[in-house]
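Visitor: build the 3D model from these lines:
(one chain, ligands or ions: 1)
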Amino acid sequence: MSADIWSELAEYNKEIEATSLVELFERDPARFETFSITLDDMLLDFSKTSLDETARNLLVKLAEASGLADKREAMFKGARINRTEGRAALHTALRNRSNEPVFVGDEDVMPGINDTLGQMAAFASGIRSGEIGASDSSAFTDVVNIGIGGSDLGPAMATRALAPYHNGPRLHFVSNIDSADIADLLKNLDPARTLFIVASKTFTTIETMTNAETAKSWMTRAVGDKATNHFAAVSTALERTSAFGIAPERVFGFEDWVGGRYSVWGPIGLPLMIAIGPEHFTEFLEGGHAMDRHFRRAPLDKNMPVMLGLIGIWHNNIRGYGSRAVLPYDQRLARLPAYLQQLDMESNGKSITLEGEVVPQKTGPIVWGEPGTNGQHAFYQLIHQGSQVIPCEFLVAAQSHETDLQNHHHLLLANCLAQSEALMRGRSLAEVIENLTAMGASQERLDAAVHQTFPGNRPSTTLIYRKLDPYTLGRIIALYEHRVFVEGVIWGINSFDQWGVELGKELAATLLPLIGEKSGLDEKDGSTRGLLETIARLRRK
Ligand SMILES: O=P(O)(O)OC[C@H]1O[C@H](O)[C@H](O)[C@@H](O)[C@@H]1O
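Guide: So this is what the prediction gives:
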C-alpha cells in the first residue's frame, strides 16, 4: 500500500513541479492559514514549501500507511521499539508531567523517575545555595560536565539557550579527547571551587573516561583524598561509577530505555538544572510534555512534528533535496544545529529497515546550520544562488530577553523574514535590469546583470515562538525528536540504535598501540600505514 502512495506522490510531484511558491500564494491568499500550525504561543509556518492540499493529503496517507499512530503509541507506552538493542525508547516518560503510569514490562517507571528528579533537585539546590560545598566547605563557583555525544550536546545546548535564567555557578563542558579541550579549561579554574560531573550512559566512552581521569589527577594534586567531594556522576552503569571512586549518593542513575541523544530530560540534564534551578528545569520538562500531548492527540495534518516530518520526506524523497539547514535567528540556540546533527543523523542515518531489508528511499538528510544573521555573511550565498536547493528551517522568537535593546531584535526579525521571502521570490533578470537602469548603472554593470538574479522558489519553514524560555525550549527539542521519529517510521528504520559509530571505535583501539611506531604496521592498508609512518617521523622532530 505505501508503495502505491510513494508512486502517487512522485506522479503528483511531476504535475505540480512547475508551479512556483509565488504562484501558490497568488492562487490561494489564505495559504498561510492552511499551511501553518499553532500550538499556544508557537507557530510553524510551512506555507513557503511547495505542499498543496493534495500533496499534504498524500503525505498524511503515507504516514497512516506506515502505521505511525500505532507506532507512536507503542513508543509512549514503553514497548520495546528499539528492537536491535531490545529496549524501549522512553525519553517521553522523563517529562511525563501527567504522572500517569508508564510500564516497561510489569514495572511502572514513573515512581523511579520522580525519585531521581527529587534527588537531582536536592543536589542542584545544594550546589546552588552552597549547602553542598567543596572539600573546604566553600561553595562551588564552577561546574564542569565531562561527557560527549548525548551526554554533552543536550545540556550544553540547553544551558546556552537558557542563559537568561542562569543564576547558579558557572557551567563548562568538556567533551573532546583532544587534550586541548580540558587543558584550556583547567587553566582557568580553581580546583578548590570546582565540581566535575562525569556524564556517561555507559561509563566506558573513551573520551569521557580519559577526561575524567585527567580531571581526577588534577583535583587530587590540589586537594588530595578529598577529591571525591568534587565529583558527581550520571550513568546507567552504577558499578563502574563506584569503581571510578564516586560516592553512591553523588551518582544519578538512569535506565537503558533512555537513548543518549534523548537524555537531556533526565539526570544528563543535571548541569542545566544546576544552572537554572529545579523550577525552571521543571518548566523545561513541561514544555516537552506539552509537545508530547500535541503529538499524541492532534490530527496528523494539524500535528507539528508530523507535518515537519512529512515536509522532510517531501523534500528529501520526492523533491530530492539531500540536506536541510537549521537556521536559528537566536544566538542562544547556537548549539542547536550541532545538537540536531546528533539527534537526526545518528537516529536516521541508517539504510536497513527493521525487517533487515535495504530502505528503498534516501534516509536521513544532512543537517547543518548556524545562527542567523552570522550565516547570512557566510554560506547564504550558496543557499540563494547555488545549484543545490537547501530547504531552510528558520527559528525565531517574537520577543527577546533584552528589553533595552529592542532595536537589535527588530533587525533580527526583519532579517529572518527577509531571508525566507528572498528565497521564495527570487529576482528575475528583468527586475535586475530595471533596478540597475533606475540607478543609472554603466553598460558594463548591465551586461553583468545575470549575476544579480536569484532563482527563487526555494522552500523554507519558520518556527516562531513568543520567547526562548525553558518551556519553549522543551517544546522545540521535543518537536524535533518527534519529527525524527516520524521520518524514521516512514522509512521503516530503527531511529534508536547507533551501530554505525562502532567500527571506528574498534579500529581506534587497534591503532592506539601503533601510534608513533614504525614496525608492526603490515596489517594496515597503504594509506593508513603511510599516515602512521608520517606521524612516527614527525613526532621524532
Ligand atoms: O553517554 P555515553 O555512554 O558516554 O555515550 C556518549 C555517546 O557515544 C556513543 O558513541 C554514541 O554514538 C552516542 O549516542 C552517545 O551519546
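
Visitor: who's in contact with Lys362?
Guide: Counting by C-beta atoms under 8 Å, 6 or more residues apart in numbering, Lys362 touches Asn316, Asn317, Gly320, Gly322. Backbone N, C-alpha and C define where each C-beta goes, glycine included.

Visitor: mind listing the strands for the stretch 401-541 of the chain?
Guide: 460-465 (DSSP state E, counting those that start in this stretch).

Visitor: what parts of it come near the ligand?
Guide: Counting by C-beta under 6 Å from any ligand atom, the residues of the stretch 401-541 of the chain close to the ligand are Gln498, Val501.

Visitor: now the contacts of Lys362: which count as buried?
Guide: Listed as buried from these are Asn316, Asn317; burial here means 16 or more other C-beta atoms under 10 Å.

Visitor: the helix ranked longest in the chain packs against which elements?
Guide: Longest helix of the chain, by residue count under DSSP state H: helix 470-491. Other elements packing on helix 470-491 under the criterion 3 or more C-beta pairs under 8 Å, 6 or more residues apart in numbering; DSSP states H and E are helix 53-65, helix 68-76, helix 153-161, helix 278-297, helix 304-313, helix 336-340, helix 347-348, strand 460-465.

Visitor: looking at these, which is closest to Gly245?
Guide: helix 153-161 (22.7 Å; C-beta to C-beta).

Visitor: distance to the ligand and pLDDT added to the contacts of Lys362, as JSON lines?
Guide: Converted to JSON lines, these look like this (distance: C-beta to the nearest ligand atom, whole Å; pLDDT from 0 to 100):
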{"residue": "Asn316", "distance to the ligand": "22", "pLDDT": "98"}
{"residue": "Asn317", "distance to the ligand": "25", "pLDDT": "98"}
{"residue": "Gly320", "distance to the ligand": "28", "pLDDT": "98"}
{"residue": "Gly322", "distance to the ligand": "22", "pLDDT": "96"}
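
Visitor: what is the most widely separated pair among the contacts of Lys362?
Guide: Asn317 and Gly322, at 10.2 Å, using C-beta to C-beta across these.

Visitor: what residues go with each domain of the chain?
Guide: 20-68+298-425+459-491, 91-281, 501-539 (the TED database).

Visitor: show me the shaky parts of this protein.
Guide: 1 (pLDDT under 70).

Visitor: what about the helices in the stretch 101-250 of the chain?
Guide: Under the criterion DSSP state H, counting those that start in this stretch, the stretch 101-250 of the chain carries helices at the ranges 110-129, 153-161, 179-186, 206-223, 238-244.

Visitor: could you pull up the residues touching the residue lying closest to Asn176 once chain neighbours are set aside?
Guide: Closest residue in space to Asn176, ignoring its immediate chain neighbours: Glu207 at 6.6 Å, by C-beta to C-beta, 6 or more residues apart in numbering. Listed by C-beta under 8 Å, 6+ apart, the contact set of Glu207 reads Ile148, Ser175, Asn176, Ile177.

Visitor: so the last one sits against Thr205, correct?
Guide: No - counting by C-beta atoms under 8 Å, Ile177 sits too far from Thr205 to count as a contact (9.6 Å).

Visitor: flag every residue of the stretch 101-250 of the chain that's near the ligand.
Guide: Ile148, Gly149, Gly150, Ser151, Ser200, Lys201, Thr202, Thr205, Thr208.

Visitor: give the PyMOL command for selecting the buried subset of the residues you listed.
Guide: The PyMOL selection below is limited to those of these classed as buried (16+ other C-beta under 10 Å):
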select buried, resi 148+149+150+151+200+201+205+208
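
Visitor: tell me the one of the residues of the stretch 101-250 of the chain next to the ligand nearest Phe295?
Guide: Once C-beta to C-beta is applied, the member of these that ends up nearest Phe295 is Gly150, at 20.6 Å.

Visitor: gap between that closest one and Ala89?
Guide: Using C-beta to C-beta, to the nearest Å, Gly150 is found at 13 Å from Ala89.

Visitor: shared neighbours, these two?
Guide: Contact criterion C-beta under 8 Å, 6+ apart; residues shared by Gly150 and Ala89: Gly259, Tyr262.

Visitor: which residue sits closest to the residue of the stretch 351-500 of the chain found nearest the ligand, ignoring its sequence neighbours?
Guide: Nearest residue of the stretch 351-500 of the chain to the ligand: Gln498, at 4.5 Å (C-beta to the nearest ligand atom). Nearest residue to Gln498, sequence neighbours excluded (C-beta to C-beta, 6+ apart): Glu346, at 5.1 Å.
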